[in-house]
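1. no sequence on this one, just coordinates:
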Ligand SMILES: C[S@@+](CC[C@H](N)C(=O)[O-])C[C@H]1O[C@@H](n2cnc3c(N)ncnc32)[C@H](O)[C@@H]1O
């Protein structure tokens, strides 16, 4: 097994240099203003140069399909890393403004530089912080226009132990669009990565317990990013409201 596959859970998410190297690789190799080529170039870097913890190409296709289903005008990602997931969301939803919350300021800078290279800087915003920081980041998002029922799509891909608490915090703000039984309007879609690998068991248990009540969830069986040996599960949940 290759070095990068053995070390999926031990590589740093912040500051071991590979993320900055990925940004340099994109600027050197991807066509400016071409999101397709930027995404493909990041995938190539992850396969051929250094492993990255992006959602990746296989799960990225599931993410794309969920975005297309949600047709978002406003999307939120938790965990920006190098900006790859947000790029995929912005590409799949040409009318959307995409916000992404990132703990590490260095990662935020890398993501912004990649978004600028892809020509998507005007629709993508990284907010440095965490949903659990006592309201500071949630208030910053409110300043950007997040309000009752405005949020159409959310991608949860950060600290696995914070998935459920952070979802509850967003629910408490009332931002997620609920399904409308009267007119058949769909509810917001929430996608959660890495539910099996490394795992978010409380989030999975919550979605299973709420099936058909507050949420309607599909469990996608898939693989960890950039390899086919390790299995992962991605959840795609429609918010029914209540
Ligand atoms: C798996 S990566 C995100 C990958 C990204 N969604 C993509 O597909 O390109 C996880 C990121 O979450 C960040 N992170 C960790 N804990 C966080 C938290 N509580 N809030 C926001 N970001 C966090 C890490 O610094 C890291 O950049």
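-> It's in. Quick caveat: nothing in here was measured; it's all calculated off a predicted structure.
2. other residues contacting stretch 189-197?
-> 55, 59, 62-63, 66-67, 69-70, 72, 152-157, 160, 163, 167, 176, 200, 203-204, 215, 219, 224, 230-239 (C-beta atoms under 8 Å, 6 or more residues apart in numbering). C-beta: built from backbone N, CA, C; applies to glycine.
3. go through those and flag which are in helices.
-> Taking DSSP state H, the ones among the contacts of stretch 189-197 that sit in helices are 59, 62-63, 66-67, 69-70, 163, 167, 203-204.
4. tell me the secondary structure for the residue of the chain positioned farthest from its centre?
-> Relative to the centre of the chain, the most outlying C-alpha is that of residue 182, 30.3 Å out, by C-alpha atoms, centre = their mean. Of the three states, residue 182 takes coil under DSSP: H, G, I helix; E, B strand; the rest coil.
5. how much space between it and the ligand?
-> 35 Å (C-beta to the nearest ligand atom, to the nearest Å).
6. before we move on, back to that, quick one, which of the contacts of stretch 189-197 are buried?
-> 55, 59, 62-63, 66-67, 70, 72, 152-157, 160, 163, 167, 176, 200, 203-204, 215, 224, 232-239 (16 or more other C-beta atoms under 10 Å).
7. stretch 221-232 near the ligand anywhere?
-> No: using C-beta under 6 Å from any ligand atom, stretch 221-232 stays clear of the ligand, coming no nearer than 8.0 Å.
8. endpoints of that stretch, how far apart?
-> 6 Å (C-alpha to C-alpha, to the nearest Å).
9. check stretch 76-87 too.
-> End-to-end distance (C-alpha to C-alpha), stretch 76-87: 12 Å.
10. and that stretch with the ligand, contact?
-> Yes: Stretch 76-87 comes into contact with the ligand (C-beta under 6 Å from any ligand atom), by way of 77-82, 84-85.
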